[in-house]
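Q: I would like the atomic coordinates for the input below:
(2 chains)
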Amino acid sequence: MLQSTLFPKTLRDTPKDEISTNAILLTRAGFINKLMAGVYTYLPLGLRVLKKIENIIRKEMEQAGGQEILMPSLHPKENWEKTGRWESLDVLFRFVSHYTKTEYALGSTHEEVVVPLVGNFSLSYKNLPLYLFQIQTKFRDEKRAKAGILRGREFSMKDLYSFHTSEEDLNKYYEKMKGHYMQIFNTVGIGDETFETFASGGSFSKYSHEFQTITDSGEDTIYVCEKCKIGINKEIINEQNTCPKCEAKDLQEKKAIEVGNIFPLKTKYSEPFSLKFKAEDGTPKDVIMGCYGMGPSRVMGTIVEVHNDERGIIWPEAVAPFRVHLIGLGNAMADAHKLYTKLLSEKVEVLFDDRTEISAGEKFADADLIGIPYRVVVSEKTLKENKVEIKKRSEKEPKLISEEELLNYVG
RNA sequence: CGGGCUGUAGUGUAAUGGUAGCACGAGACUUUUGGGAAGUUUUAGUCCGAGUUCGAGUCUCGGCAGCCCGACCA
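A: Predicted structure coming up:
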């Protein structure tokens, strides 16, 4: 990608209505743009990151046996009335058709769609377990959208729904899913900060589990056992004031962002829709369900909250919009262009700063702000040595290496 | 949803009820090119609607929006 054609340019100024680190950096660097509170456009750089995160999640869900589907965002009122959530779910967007006066909801979550979907087909114990997931835009009428892309009214969400013949089978899968979730957080670069956390399960199960990423800008408070890497949400600390694993009492209070949440739903949603399967003895039984949510856009914001410095974002390699930020300076632009072509032929993802009439300092400042993992500079200085300069975004000092070494390094 | 704060250009600010101005940014041109370079030039604003007034950015009323705290968050 040529930076001279990249939309949009970076911003020098901080937008006046953004306070959170993720929103300021992502807006200044040209990854996102706010339309209104809690609603953002993903610009070319931002969309690349979002898609990478989504693909990491997608692959892991496929590893977990998930089959990807895409359900509608527009839902009929009847389905939500069946579960009582037309009234009770306060974040549900509800609206009326101007023509027919029919009422609809915009999907905040998809139990009300996926359960009747599965119910359209006769289920036998032989068809279970079944795992369906989607990555889709969710709508929530948040009373207070805030913190950039961490709490939006419209956001990207992966939701997987599991269908089982028994609670034992659900529990087995539920535990397995925790491992898949941690694998995702490790891959996207927030594994060290992310804790499996006990949370309230509501009325239908004792606990649900959250995945909480520790950062001072988090809006949740959790208590963590560093040794076991387990957390407990403040909301249930009164009933559980020791580490559930090692029973230690010296828990640390931390601020954290909820990046995932999994629930053993059991029959909470299969019952209202009469979702049953035929057991081996031919009798119909309630399907046992679990659901597993994770927000790619919130994960993206969390990564920025965790990985940044005073100059800008520091993307982990797996989610960076590009692997290499190639910068051509002054009269070396033609040589830089040759290297760009070579890197492309080696299938290296590279953003090439081919802009002329831009000072070196400004290019470096932009590179630091955008946060691509490897910065490669081609200039008269490096050409004299017959080398190129490479610097990791996370490190201070650059070094000179040959083009061959570069290809080994970033290829 | 309760409470608070704030709305003048992209950002930061100025204008006693009396010509909406300045700086930075952004665009164009020229000269520059290893940490946000310089010159010339252009651009862009009173959140919306009523009211008071000869006259409203400024006063009054209503709305809307944004931010913060809290509550909420399958």
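Q: domains of chain A?
A: Here the domain parsing of chain A from automatic domain parsing is A:3-190+A:257-309, A:324-410.
Q: could you dump those domains to JSON lines with mean pLDDT, mean neighbour count and distance to A:L251?
A: For every residue, glycine as well, the C-beta is placed using N, CA and C. Putting the domains of chain A into JSON lines (pLDDT from 0 to 100; neighbours: other C-beta atoms under 10 Å; distance: least, C-beta to C-beta, whole Å) gives the following:
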{"stretch": "domain A:3-190+A:257-309", "mean pLDDT": "94", "mean neighbour count": "18", "distance to A:L251": "18"}
{"stretch": "domain A:324-410", "mean pLDDT": "94", "mean neighbour count": "17", "distance to A:L251": "31"}
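Q: between the ones you listed, which one is nearest to A:Q212?
A: domain A:3-190+A:257-309 (5.7 Å; C-beta to C-beta).
Q: quick one: terminal-to-terminal distance for the closest one?
A: 23 Å (C-alpha to C-alpha, to the nearest Å).
Q: one step back: could I get the domains of chain A as TSV with distance to A:G231?
A: Formatted as TSV, the domains of chain A follow (distance: least, C-beta to C-beta, whole Å):
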stretch	distance to A:G231
domain A:3-190+A:257-309	10
domain A:324-410	27
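Q: is it possible to export those domains to JSON lines including distance to RNA strand B?
A: Formatted as JSON lines, these follow (distance: least, C-beta to the nearest atom of the strand, whole Å):
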{"stretch": "domain A:3-190+A:257-309", "distance to RNA strand B": "3"}
{"stretch": "domain A:324-410", "distance to RNA strand B": "2"}
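Q: A:W315 is nearest to which of those domains?
A: Shortest distance between A:W315 and those, using C-beta to C-beta, is found for domain A:324-410: 4.8 Å.
Q: can you map out the strands along the stretch 101-250 of chain A?
A: A:103-106, A:130-139, A:154-164, A:194-200, A:207-214, A:220-225, A:230-233 (DSSP state E, counting those that start in this stretch).
Q: Give the other helices and strands that whichever helix or strand comes after the last one contacts.
A: Beyond strand A:230-233 in the direction of the C-terminus, DSSP states H and E gives the next helix or strand as strand A:252-266. Based on contacts counted as 3 or more C-beta pairs under 8 Å, 6 or more residues apart in numbering; DSSP states H and E, the elements that strand A:252-266 packs against are helix A:167-188, strand A:194-200, strand A:207-214, strand A:220-225, strand A:288-294, helix A:296-306.
Q: Assess the claim that A:T302 and A:T215 are in contact.
A: Yes: checked against C-beta atoms under 8 Å, the pair A:T302 and A:T215 is within contact range at 7.1 Å.
Q: shared neighbours, the two?
A: Here A:T302 and A:T215 share the contacting residues A:I257, scored by C-beta atoms under 8 Å, 6 or more residues apart in numbering.
Q: before we move on, the earlier item: just send the helices and strands packed on strand A:252-266 back as JSON lines, with distance to A:R28 too.
A: Shown next, in JSON lines, are those (distance: least, C-beta to C-beta, whole Å):
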{"stretch": "helix A:167-188", "distance to A:R28": "22"}
{"stretch": "strand A:194-200", "distance to A:R28": "26"}
{"stretch": "strand A:207-214", "distance to A:R28": "22"}
{"stretch": "strand A:220-225", "distance to A:R28": "26"}
{"stretch": "strand A:288-294", "distance to A:R28": "27"}
{"stretch": "helix A:296-306", "distance to A:R28": "11"}
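Q: out of these, nearest to A:E349?
A: Shortest distance between A:E349 and the helices and strands packed on strand A:252-266, using C-beta to C-beta, is found for helix A:167-188: 16.4 Å.
Q: Can you name the residues that contact A:E258?
A: A:E258 touches A:210-212, A:220, A:298, counting by C-beta under 8 Å, 6+ apart.
Q: Kindly recompute the last result at 6 Å.
A: By C-beta atoms under 6 Å, 6 or more residues apart in numbering, the contact set of A:E258 is A:210, A:212, A:220.
Q: so which of those residues is the most crowded?
A: Counting neighbours by other C-beta atoms under 10 Å, A:Q212 leads the contacts of A:E258 with 29 neighbours.
Q: Would you mind marking which of the contacts of A:E258 are also close to RNA strand B?
A: A:D220 (C-beta under 7 Å from any atom of the strand).
Q: Run through the bridge partners of the residue nearest to A:L170 when sequence neighbours are not counted.
A: Distances taken as C-beta to C-beta, 6 or more residues apart in numbering place A:H164 nearest to A:L170, at 4.4 Å, with adjacent residues excluded. With DSSP bridges as the criterion, A:H164 is bridged to A:I288.
Q: What residues does A:H164 make contact with?
A: A:H164 makes contact with A:128-129, A:170, A:288, according to C-beta under 6 Å, 6+ apart.
Q: Contacts for stretch A:398-405, please.
A: Counting by C-beta under 6 Å, 6+ apart, A:385, A:387, A:389-391 sit against stretch A:398-405.
Q: Counting only strands, which of the residues you listed make the cut?
A: Judged by DSSP state E, the contacts of stretch A:398-405 include A:389-391 as members of strands.
Q: related to what we said a few turns ago, just give me the closest of the contacts of A:E258 to A:A256.
A: Distances from A:A256 to the contacts of A:E258, taken by C-beta to C-beta, are shortest for A:Q212, at 3.7 Å.
Q: my guess is the closest one contacts A:I222, does it?
A: Yes: counting by C-beta atoms under 6 Å, A:Q212 does reach A:I222; the two are 5.1 Å apart.
Q: quick one: common contacting residues for the two?
A: Here A:Q212 and A:I222 have A:197, A:231, A:256 as joint contacts, going by C-beta under 6 Å, 6+ apart.
Q: Give me the contact list for stretch A:212-229.
A: Against stretch A:212-229 from outside (C-beta under 6 Å, 6+ apart): A:190, A:193-195, A:197, A:231-234, A:237, A:243, A:245-246, A:248, A:251-259, A:302, A:305-306.
Q: from those, which would you call buried?
A: In the contacts of stretch A:212-229, burial by neighbour count holds for A:190, A:193-195, A:197, A:231-233, A:237, A:243, A:251, A:254, A:256-259, A:302, A:305-306, counting by 16 or more other C-beta atoms under 10 Å.
Q: List the residues that contact the residue nearest to the spatial centre of chain A.
A: What sits nearest the mean C-alpha location of chain A, by C-alpha atoms, centre = their mean, is A:P296, with 2.1 Å. Applying C-beta under 6 Å, 6+ apart, we find A:P296 in contact with A:50, A:53-54, A:156.
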